[in-house]
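> just coords:
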């Protein structure tokens, strides 16, 4: 299955970040993205090669994530944003602290959101998906993507109200 191997190699990083965006935990994202590739491999004969692989794969990954969240509701930790970029600015420790604090508040606000709202914000704002890519990935019309994103952003802004200076 050299074809599948190439698809995995070209989509591994994107798969991890998609899982991280949904789950918020590095370890869980690694585990679930790998499990999704295993399930995709088992079902690869059913993959319609006229479609985009990642869109098909993402549905498998999303279902795994939803099942994991349902089964482990109390144990899910959030780490939606890559903190490595905010960890240290030795020239300005105050700036580093402010960025880390803002990052933490944003993660907390995202963690409080419904899954669908959090997912669409992460796909658009953190994964930089286009409306078309989100539409294909979630199998919904572009107009629905735009509407859901609009309302999800409003909900996030309301949660962040007063948190960020």
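In hand now; what should we look at? Note that this is a predicted model, so its numbers are computed, not measured. Numbers count the residues shown, from 1 in each chain.

> roughly how far does residue 43 sit from residue 124?
From residue 43 over to residue 124 the distance is 28 Å, taken as CB to CB, to the nearest Å. Backbone N, C-alpha and C define where each C-beta goes, glycine included.

> how about residue 132?
To residue 124, residue 132 is 12 Å away according to CB to CB.

> what stretches of this protein score poorly on pLDDT?
In the predicted model of the chain, residues 73-92, 94-100, 162-165 satisfy pLDDT under 70.

> okay, now the domains of it?
Listed by automatic domain parsing, the domain ranges of the chain are 2-71, 84-160.

> what's the span of the shortest one, first residue to last?
What it means is domain 2-71. Using CA to CA, to the nearest Å, the end-to-end distance of domain 2-71 comes out at 34 Å.

> for residue 50, helix, strand, or coil?
coil (DSSP: H, G, I helix; E, B strand; the rest coil).

> residue 33 touches residue 15, doesn't it?
Yes - Residue 33 is within contact range of residue 15, at 4.3 Å (criterion: CB atoms under 8 Å).

> which stretches of the protein form strands?
Under the criterion DSSP state E, the chain carries no strands.

> so for it, the centremost residue is which one?
residue 21 (2.4 Å; CA atoms, centre = their mean).

> nearest spatial neighbour of that residue, chain-adjacent residues omitted?
Closest residue in space to residue 21, ignoring its immediate chain neighbours: residue 122 at 3.6 Å, by CB to CB, 6 or more residues apart in numbering.

> returning to what we had before: more neighbours: which of residue 132 and residue 124?
A side-by-side neighbour count of residue 132 and residue 124, using other CB atoms under 10 Å, places residue 124 first with 20 against 10.

> skipping adjacent residues, who's closest to the more buried one in space?
Ranked by CB to CB, 6+ apart and with sequence neighbours excluded, the top spatial neighbour of residue 124 is residue 149, at 5.7 Å.

> what sits against residue 17?
Contacts were defined as CB atoms under 8 Å, 6 or more residues apart in numbering; by that measure residue 17 touches 29, 126-127.

> closest to residue 68 among those residues?
Distance to residue 68 across the contacts of residue 17 (CB to CB) is lowest for residue 29, with 10.3 Å.

> touching, that closest one and residue 13? I think so.
No - applying CB under 8 Å, one finds residue 29 not in contact with residue 13, separated by 11.3 Å.

> quick one: which of the two has more around it?
Using other CB under 10 Å, the more surrounded residue of residue 29 and residue 13 is residue 29, with 22 against 10.

> number of residues surrounding residue 5?
One way to gauge burial is a neighbour count; for residue 5, by other CB under 10 Å, it gives 10.
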